[in-house]
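J.: Could you work out the structure for the sequence below:
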Amino acid sequence: MVNVVEKQLILTCKSLLELPEIATQIVIFNDNCNVIAFYGELGAGKTTVIKSICNKINVEDIVLSPTFAIINEYLTKSNDPVYHFDFFRIKDIEEAINIGVDEYLFSGHLCLLEWPEIISDFLPENHLNVHIEVTGAESRIFHLEKHG
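T.: Take a look at the predicted model:
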């Protein structure tokens, strides 16, 4: 189910089999935002939906959670970089700046952010927030909100 209100979109996912369609809707709704911030509790499926999005945009590399690396770089078939961050282990904004997060966020390339709370005040004006609400073992509600 899709519900659109200007800069907001709500997507309902009843099973993992619907994730490719959810990813398609996120990519379409995203339009031209280069930064997508994913919020949700542990196990909500942030990495799983990011894998589906990467599949939709033709990322050729294997998409894995960057929990320990903090950032993974992938390439699409057209050789465009995609940056996948996991800020779970980052303690403060200074640590994020020390790894060069600002250079990535303002690079013009797609950045997919897990656990972005620590850097939320640092996000570019033009970005998309995706809040994942767990409603069952495989069901989720995705709340999308464009900024900028």
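
J.: drop to CA atoms for contacts and neighbour counts, all remaining ones
T.: OK.

J.: how about the helices in the chain?
T.: Per DSSP state H, the chain carries helices over the ranges 19-30, 46-56, 93-98, 101-105.

J.: could you dump those to CSV with mean neighbour count?
T.: CSV is the format used below for the helices of the chain (neighbours: other CA atoms under 10 Å):
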stretch, mean neighbour count
helix 19-30, 17
helix 46-56, 20
helix 93-98, 14
helix 101-105, 17
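
J.: okay, these in JSON lines with mean pLDDT and distance to residue 11 next?
T.: JSON lines is the format used below for the helices of the chain (pLDDT from 0 to 100; distance: least, CA to CA, whole Å):
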{"stretch": "helix 19-30", "mean pLDDT": "95", "distance to residue 11": "7"}
{"stretch": "helix 46-56", "mean pLDDT": "97", "distance to residue 11": "13"}
{"stretch": "helix 93-98", "mean pLDDT": "93", "distance to residue 11": "30"}
{"stretch": "helix 101-105", "mean pLDDT": "95", "distance to residue 11": "26"}
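
J.: quick one, what contacts residue 52?
T.: The contact partners of residue 52, taken as CA atoms under 8 Å, 6 or more residues apart in numbering, are 19, 20, 23.

J.: circling back: of all the helices of the chain, which one is nearest residue 87?
T.: Closest of these to residue 87 is helix 93-98, at 8.0 Å (criterion: CA to CA).

J.: Mind giving me the packing neighbours of the closest one?
T.: Helices and strands touching helix 93-98, by 3 or more CA pairs under 8 Å, 6 or more residues apart in numbering; DSSP states H and E: there are none.

J.: can you list contacts of that helix?
T.: Taking contacts as CA under 8 Å, 6+ apart, the residues outside helix 93-98 that touch it are 90, 118, 119.

J.: can you rerun that using 6 Å?
T.: Helix 93-98 has contacts (CA atoms under 6 Å, 6 or more residues apart in numbering) with residue 119.

J.: Could you do stretch 99-110 as well?
T.: The contact list for stretch 99-110 (CA under 6 Å, 6+ apart) reads 34, 35, 82.
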